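>>> when you get a sec, could you give me coordinates for this:
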Amino acid sequence: MSDKPGPLSSPSPARSLPSGWAGGAPDADAFYQMAEAALAALPAPFHPHIKGLLITIEDVADEATLDALEIDHPYELTGLYEGRPLTERSIDVSGAMPDRVTLYRVPILVEWIEGGERLDWLIHHVLIHEIGHHFGFSDDDIHALEDMA
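Residues are numbered from 1 along each chain as shown. The predicted structure is shown next:
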């Protein structure tokens, strides 16, 4: 009998992991790939309404953003929707910047570590929450929908 441990079994094929993710804290590219996968998994009727929605990944929100939202600590903000919700749009408005959802990598990683959820599920959850704002839902509306699901 050998004192050496046997070979570790591979949990999943490497091709299913986002590039840039070697098992540690995923980098911004890996986060972006998980966000893209979450968008692609949305039901087809949503796709025309999120076409052109930009997804960005930042480590944490800047001070100006936190101050504007009256948030004390950068780890309290995991995502942010910026744009005009679909419910407030008019054909009279043109030349606006594209709508954007920013995912904040470090606060999501902290929540991942503390909560024990799968990281891809957590990224999906934050992204869907912010897309809810794109559709004109308030935080209360989104939480009520989550509770119903």
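
>>> verify the stated contact: residue 56 with residue 104.
No. Using CB atoms under 8 Å, residue 56 makes no contact with residue 104, being 9.8 Å away. All C-beta atoms are positioned from the backbone trio N, CA, C, and that covers glycine.

>>> these two: who's more crowded?
Neighbour count, other CB atoms under 10 Å: between residue 56 and residue 104, residue 104 has more, with 24 against 15.

>>> by mean pLDDT, point me to the weakest helix or strand of the protein.
Of all helical and strand segments in the chain, the minimum by mean pLDDT, DSSP states H and E falls on helix 139-148, at a mean of 74.

>>> state the helix or strand in which residue 124 lies.
Secondary structure assigned from DSSP states H and E places residue 124 in helix 119-134.

>>> report the secondary structure state of residue 101.
strand (DSSP: H, G, I helix; E, B strand; the rest coil).

>>> without its sequence neighbours, what residue ends up closest to it?
In this structure, residue 101 finds its nearest non-sequential neighbour in residue 130, 4.3 Å apart by CB to CB, 6 or more residues apart in numbering.

>>> ditto for residue 53
Using CB to CB, 6+ apart, the closest residue to residue 53 is residue 99 (5.1 Å).

>>> for residue 48, see how far away that neighbour is.
Using CB to CB, to the nearest Å, residue 99 is found at 14 Å from residue 48.

>>> what is the burial count for residue 35?
Neighbour tally, residue 35, other CB under 10 Å: 22.

>>> just residue 43 next, same as before
Neighbour tally, residue 43, other CB under 10 Å: 6.

>>> next, it: phi, psi?
Main-chain dihedrals, residue 43, degrees, to the nearest 10: phi -60, psi 150.

>>> ok, it to residue 79 distance?
Taking CB to CB as the measure, residue 43 falls 20 Å from residue 79.

>>> which one of residue 99 and residue 48 has more residues nearby?
Set side by side, residue 99 and residue 48 show more neighbours around residue 99, with 20 against 8, by other CB under 10 Å.

>>> pretty sure that one is touching residue 84, no?
Yes. With contact defined as CB under 8 Å, residue 99 counts as touching residue 84 (7.1 Å).
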